[in-house]
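> The following block contains a protein sequence and its predicted model.
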Amino acid sequence: MQHSLRTDTDQQIQTLEVSYFEDQSTGNLLTVLNDDVNQLERFVDNGALEIIQEGTTLFLIGITFFVGCLLLKKGVLKDEESVRTCEQP
């Protein structure tokens, strides 16, 4: 992916007019492009994985609360208040 991005960027730069490079520092342009590609690669490697992990965690917590609520309604589980009420004579 990184190679493809760099190749596409290089092809795009080749299509620019020469006057564009008179106003821009070539070293600065290459530095910005290289940094952008590296940041995109870091996001794809780490950021996407973190988003998937956080989404999965949130989903599992939601399912746990939902199942717990159903079990409380059916009386399989008892909340602390119900247990105290039942134990008193």
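Structure received.

> contacts, neighbours, all on C-alpha from now
Will do.

> so where is this protein shaky, pLDDT-wise?
The chain contains residues with pLDDT under 70 at 1, 77-89.

> In terms of position in space, what residue lies nearest the middle of it?
residue 51 (2.9 Å; CA atoms, centre = their mean).

> helix or strand for that residue, which one?
Assessed by DSSP states H and E, residue 51 sits inside helix 48-74.

> Could you pull out the buried residues of that helix?
Under the neighbour-count criterion of 16 or more other CA atoms under 10 Å, helix 48-74 has nothing buried.

> Helix, strand or coil: sort out the residue lying closest to residue 9 once chain neighbours are set aside for me.
Spatial nearest neighbour of residue 9, excluding adjacent residues (CA to CA, 6 or more residues apart in numbering): residue 33 at 7.9 Å. Assigned with DSSP: H, G, I helix; E, B strand; the rest coil, residue 33 falls in the helix class.

> Can you report how many residues lie near residue 33?
Neighbours of residue 33 under the rule other CA atoms under 10 Å: 16.
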